[in-house]
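Enquirer: below is the structure, and that's it, no one-letter string:
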């Protein structure tokens, strides 16, 4: 029998991460954010099955997926301008409301068995448009609810929501599809966005950016955002690195990897093991950065980008499921480390008045170029074969990441509080 605990000793207490302990506004935001991102990961698994359930095929699944990404290409930069001009809190309330309504509409159409593919394409495009506006607003809002010393902790916690969602979201989504149909997955996501709206409405951020009164016009704001980017060589370098990663590495995750898994990894089961290992690695990386605060954050982020850029070659290496999963776990640590330290560096060194515009270039390169990469990856696979294409794409991406690390401003960027607006 296990001996009882000694009498009179206090029970051990779970120590929360510093951003949750010291930042009540962030605790509120984190609650809504964690739930809505989990809902998104459920919906991401459900979406292709929803298209298939209404008679669509591979082409229709691709069309709906592209409809979510294209708005980033068209709207990312204008969204950054508006997020710097207007109240970021109100932008998030509006965009989360739109995403709640689009998911609720999709759920209703699917549950009533009246959905058709064109309607799902339109809903996906509306969701993507709202997402394009929400992303730079969220990046700009975070420093207004978190003190500068806790920004890395907050970004790492934000990363844990993506990591946990990547692990548990597909499981819940698969169960919902199997037990009740894809419409329930959309309904679940709609509820999570409703909770997020309630959380954001209760926020009282210190600042929410500038307003239209006395602010620059749209074109002037757009030009000013580019000047902010161009004046920082470390920002330009990392944007180039993210572009290479999006165009050359992510196709291995979204397009080529699943096809290769069908051939060599035993289909969906083997691919699930690999993607889950990546999610576990991401979670480990987030937990590391909750405690470790490197003195040269961007230098470590650039090193992590080099590791992340090997993903396509790892998946196309010809190794079995277990070795690829193990290497993907390491890649997950690298990807989340790069993302967290890059976001923190932006928030520490870019003025609040321009932060959303600068981050909009980040979302343009990291998300808006995904359709370009998917087309390029498919073309190279048809020309060279799956494995040679994936290895070659990783080689080029690794060279680009090393070039980012070679920039002196990247290696030397210090830590510091965000500049005053």
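Expert: Looks like it arrived, so ask away. This structure is a prediction, so every number in the text was calculated from the model and none was measured. Numbering: from 1, shown residues only.
Enquirer: only C-alpha atoms from now on, for both contacts and neighbour counts.
Expert: Noted.
Enquirer: look up how far residue 185 lies from the residue positioned nearest the centre of the chain.
Expert: Nearest to the mean C-alpha position of the chain, by Cα atoms, centre = their mean, lies residue 162 at 6.8 Å. Distance of residue 162 to residue 185, given as Cα to Cα, to the nearest Å: 18 Å.
Enquirer: stretch 238-246: which residues count as buried?
Expert: 238-246 (16 or more other Cα atoms under 10 Å).
Enquirer: contact partners for the residue lying closest to residue 173 once chain neighbours are set aside?
Expert: The shortest distance from residue 173 to any non-neighbouring residue, by Cα to Cα, 6 or more residues apart in numbering, is to residue 42 (4.5 Å). Neighbour list for residue 42: 165, 169-173, 185, 189 [criterion: Cα atoms under 8 Å, 6 or more residues apart in numbering].
Enquirer: tell me what the helix or strand hosting residue 312 is packed against?
Expert: Take DSSP states H and E as the rule and residue 312 turns out to sit in helix 311-315. Packing contacts for helix 311-315, counted by 3 or more Cα pairs under 8 Å, 6 or more residues apart in numbering; DSSP states H and E, involve helix 321-349, helix 386-406.
Enquirer: need those helices in TSV with mean neighbour count and mean pLDDT, can you?
Expert: Output for the helices and strands packed on helix 311-315, formatted as TSV (neighbours: other Cα atoms under 10 Å; pLDDT from 0 to 100):
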stretch	mean neighbour count	mean pLDDT
helix 321-349	23	92
helix 386-406	22	94
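Enquirer: can the ones you listed go into TSV with extra columns for distance to residue 281?
Expert: As requested, those are exported to TSV (distance: least, Cα to Cα, whole Å):
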stretch	distance to residue 281
helix 321-349	4
helix 386-406	19
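Enquirer: which secondary element of the protein has the worst mean pLDDT?
Expert: Sorting the helices and strands of the chain by mean pLDDT, DSSP states H and E puts helix 257-264 at the bottom, at a mean of 77.
Enquirer: what residues of that helix count as buried?
Expert: 257-261, 264.
Enquirer: CSV for those, including distance to residue 302?
Expert: Output for the buried residues of helix 257-264, formatted as CSV (distance: Cα to Cα, whole Å):
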residue, distance to residue 302
257, 25
258, 28
259, 30
260, 29
261, 29
264, 32
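Enquirer: and the nearest residue to residue 109 once chain neighbours are set aside, what's its pLDDT?
Expert: Using Cα to Cα, 6+ apart and skipping residues adjacent in sequence, the residue nearest residue 109 is residue 115, 4.7 Å away. The confidence metric pLDDT takes the value 93 at residue 115.
Enquirer: and what about residue 115, helix, strand or coil?
Expert: Here residue 115 is coil, with the state taken from DSSP: H, G, I helix; E, B strand; the rest coil.
Enquirer: ok, it - contacts?
Expert: 54, 106, 109.
Enquirer: ChimeraX command to pick out the buried ones of these?
Expert: Of these, the buried ones can be selected in ChimeraX as follows, counting by 16+ other Cα under 10 Å:
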select :106,109
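Enquirer: looking at the contacts of residue 115, which is nearest residue 149?
Expert: residue 106 (41.4 Å; Cα to Cα).
Enquirer: quick one, helices of the stretch 101-250 of the chain?
Expert: If DSSP state H, counting those that start in this stretch is used as the criterion, the helices of the stretch 101-250 of the chain fall at 117-145, 151-180, 182-201, 218-230, 233-248, 250-251.
Enquirer: which of these sits closest to residue 276?
Expert: helix 151-180 (5.4 Å).
Enquirer: output the buried residues of stretch 238-246 as CSV; include the columns pLDDT and distance to residue 413.
Expert: Below are the buried residues of stretch 238-246 laid out as CSV (pLDDT from 0 to 100; distance: Cα to Cα, whole Å):
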residue, pLDDT, distance to residue 413
238, 93, 12
239, 92, 16
240, 93, 17
241, 93, 17
242, 90, 18
243, 92, 21
244, 93, 22
245, 94, 22
246, 89, 24
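Enquirer: with distance to residue 85 added, can I get those in a markdown table?
Expert: Shown next, in a markdown table, are these (distance: Cα to Cα, whole Å):
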| residue | distance to residue 85 |
| --- | --- |
| 238 | 25 |
| 239 | 23 |
| 240 | 26 |
| 241 | 28 |
| 242 | 26 |
| 243 | 26 |
| 244 | 30 |
| 245 | 30 |
| 246 | 28 |
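Enquirer: chain center to the helix holding residue 312, what's the gap?
Expert: Going by Cα atoms, centre = their mean, to the nearest Å, the spacing between the C-alpha centre of helix 311-315 and its chain's C-alpha centre is 20 Å.
Enquirer: ok, stretch 16-31 next?
Expert: How far stretch 16-31 lies from its chain's middle: 20 Å, per Cα atoms, centre = their mean.
Enquirer: what are the buried residues along it?
Expert: Buried-residue list, stretch 16-31, by 16+ other Cα under 10 Å: 17-20, 25-30.
Enquirer: contacts for it, please.
Expert: Against stretch 16-31 from outside (Cα under 8 Å, 6+ apart): 142, 145-147, 150-151, 153-154, 158, 196, 199-200, 202-205, 290.
Enquirer: cool, and stretch 270-290?
Expert: 17, 152-153, 156-157, 159-160, 163-164, 166-167, 257-258, 261, 265, 321-322, 324-326, 328-337.
Enquirer: tell me the mean pLDDT for it?
Expert: On average, stretch 270-290 scores 86.
Enquirer: to the chain's geometric centre, what's the distance from that stretch?
Expert: 14 Å.
Enquirer: could you do stretch 346-353 as well?
Expert: Distance of stretch 346-353 from its chain centroid, counting by Cα atoms, centre = their mean, is 19 Å.
Enquirer: now stretch 397-409
Expert: Put simply, stretch 397-409 sits 22 Å off its chain's centre (Cα atoms, centre = their mean).
Enquirer: I'd like the numbering to begin with 36 instead of 1 from here.
Expert: Got it, the first residue is 36 from now on, which makes the last one we talked about stretch 432-444.
Enquirer: show the subsequent helix or strand relative to the least confident helix or strand of the chain.
Expert: That would be, after helix 292-299 and using DSSP H and E, helix 303-326.
Enquirer: just to revisit the earlier point, report the buried members of the contacts of stretch 51-66.
Expert: So, by 16+ other Cα under 10 Å, the buried ones in those are 177, 180-182, 185-186, 188-189, 193, 231, 234-235, 240, 325.
Enquirer: which one of the helices and strands packed on helix 346-350 lies closest to residue 253?
Expert: Here helix 356-384 is closest among the helices and strands packed on helix 346-350 (Cα to Cα), at 22.2 Å.
Enquirer: so which of the helices and strands packed on helix 346-350 is nearest residue 347?
Expert: Taking Cα to Cα, helix 421-441 is the member of those nearest to residue 347, at 5.1 Å.
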